[in-house]
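In: Sequence and predicted structure below; questions after.
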Amino acid sequence: MLLYRSAVWFAKGLREYTKSGYESASKDFIPDDLEVQVPGRAFMVTGGNSGIGRATAFEIAKRGGTVHLVCRDQNRAEGARGEIIRESGNQNIFLHIVDLSDPKTVWKFVENFKQEHTLNVLINNAGCMVNKRELTEDGLEKNFATNTLGVYVLTTALIPVLEKEHDPRVVTVSSGGMLVQKLSTDDLQSERTAFDGTMVYAQNKRQQVVLTERWARAHPAIHFSCMHPGWVDTPVRRLVNCLGTLEAMQMLPRRRKQKKQ
Ligand SMILES: NC(=O)c1ccc[n+]([C@@H]2O[C@H](COP(=O)([O-])OP(=O)(O)OC[C@H]3O[C@@H](n4cnc5c(N)ncnc54)[C@H](OP(=O)(O)O)[C@@H]3O)[C@@H](O)[C@H]2O)c1
């Protein structure tokens, strides 16, 4: 079944997740939608220091929105914030240092955030694919802690903040990689089978979509959506999804754990 799902996903990916997929989809874009300005609206972008999150934060900044970057590394985040301010001319770029894999920190962050700020849009963009089984200080498997639990705690804590505002939205950057996994909740910590980071990531991305469906039903005042960005050349283990799938399809040999010296 995994082989079948992986083959279908990969064929779909080659058609839809590449540059030609974007070029074909963009023919249906409505120019006025792309020219939107967002002054007076506040956006939180997790993982806003890098890749898709940084590009998103920059576009919002250019269009006059207030941006709250939620990042885990002070230096990388300061650098990105400085560049976004310089390149966009927008000074309303705030930085919050939060490790999303630490649920207590995430909860405390929101408790403080809501005393000082309002929020119209949450963009759950941060994500990771850790290829060996690593645990957080709380003993949680790292991919699950970041991609699923972090997104869950942050979104749940922010729902009352979002519900106070006009046209509130939550956008979660999932992945087409989720198509290789059905929802499975019996081994959330990946303890019982051989660890495969690509499949754990895909499972987390499936979990994000299921959470989104549930939130949308439970909180109709907020618009919840999920997206797949396509295959984007960013630091997040470039094309690892693709390599993992090829391996699963037995089209590539398993990657060696370590090169022999
Ligand atoms: N690139 C693709 O082809 C692709 C395809 C499908 C889906 N996606 C999804 O797109 C999203 C953005 O990824 P990207 O491609 O733009 O990769 P990226 O440039 O590596 O960005 C990932 C961001 O998440 C942050 N992050 C990771 N773990 C975190 C944690 N525990 N706490 C706070 N922040 C954390 C990273 O921070 P650091 O800089 O400190 O590491 C980084 O800012 C991810 O959710 C990814 O799964 C990407």
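Out: Cool, the structure landed. Numbering: from 1, shown residues only.
In: Output the set of residues of this structure in proximity to the ligand.
Out: Among all residues of the chain, those adjacent to the ligand (criterion: Cβ under 6 Å from any ligand atom) are 46-47, 49-53, 71-73, 76, 99-101, 125-128, 146, 173, 175, 228-229, 231-232, 234-236. The way it works is simple: take the backbone N, C-alpha and C, and place the C-beta from them, glycine included.
In: Can you give the distance from the biggest helix by length in the chain to the centre of its chain?
Out: If you go by DSSP state H, the chain has its longest helix at helix 197-218. Its chain's C-alpha centre and that of helix 197-218 lie 11 Å apart, by Cα atoms, centre = their mean, to the nearest Å.
In: ok, now stretch 157-171?
Out: 18 Å.
In: show me where the stretch 101-250 of the chain has helices.
Out: Secondary structure of the stretch 101-250 of the chain (DSSP state H, counting those that start in this stretch): helices at 103-116, 142-143, 151-163, 197-218, 240-248.
In: residues in contact with the second one?
Out: The reference is to helix 142-143. 101, 128-130, 134-136, 190, 197, 200-201, 204 (Cβ atoms under 8 Å, 6 or more residues apart in numbering).
In: repeat for the third one
Out: Taking Cβ under 8 Å, 6+ apart as the criterion, the residues outside helix 151-163 that touch it are 44, 46, 70, 100, 103, 106-107, 110-111, 113-114, 118-120, 122, 124, 168-170, 172, 208, 211, 215, 219, 221-222.
In: just the longest one next, same as before
Out: Around helix 197-218, the neighbours that count as contacts under Cβ under 8 Å, 6+ apart are 124, 127-132, 141, 143-144, 147-148, 151-152, 155, 159, 170, 172, 174-175, 177-184, 190, 222-226, 240-241, 243-245, 248.
In: Going through the residues you listed, which ones are buried?
Out: 124, 127-131, 141, 143-144, 147-148, 151-152, 155, 159, 170, 172, 174-175, 177-181, 190, 222, 224, 226, 240-241, 244-245, 248 (16 or more other Cβ atoms under 10 Å).
In: shouldn't Ile93 be in contact with Arg81?
Out: Yes - taking contacts as Cβ atoms under 8 Å, Ile93 lies within contact range of Arg81: 5.4 Å.
In: what is in contact with those two at once?
Out: Common contacts of Ile93 and Arg81 (Cβ under 8 Å, 6+ apart): Leu69.
In: Tell me where the stretch 1-150 of the chain is predicted with low confidence.
Out: Where the stretch 1-150 of the chain drops to pLDDT under 70, the residues are 1.
In: And for Glu134, the neighbour number?
Out: Number of residues near Glu134 (other Cβ atoms under 10 Å) recorded here: 14.
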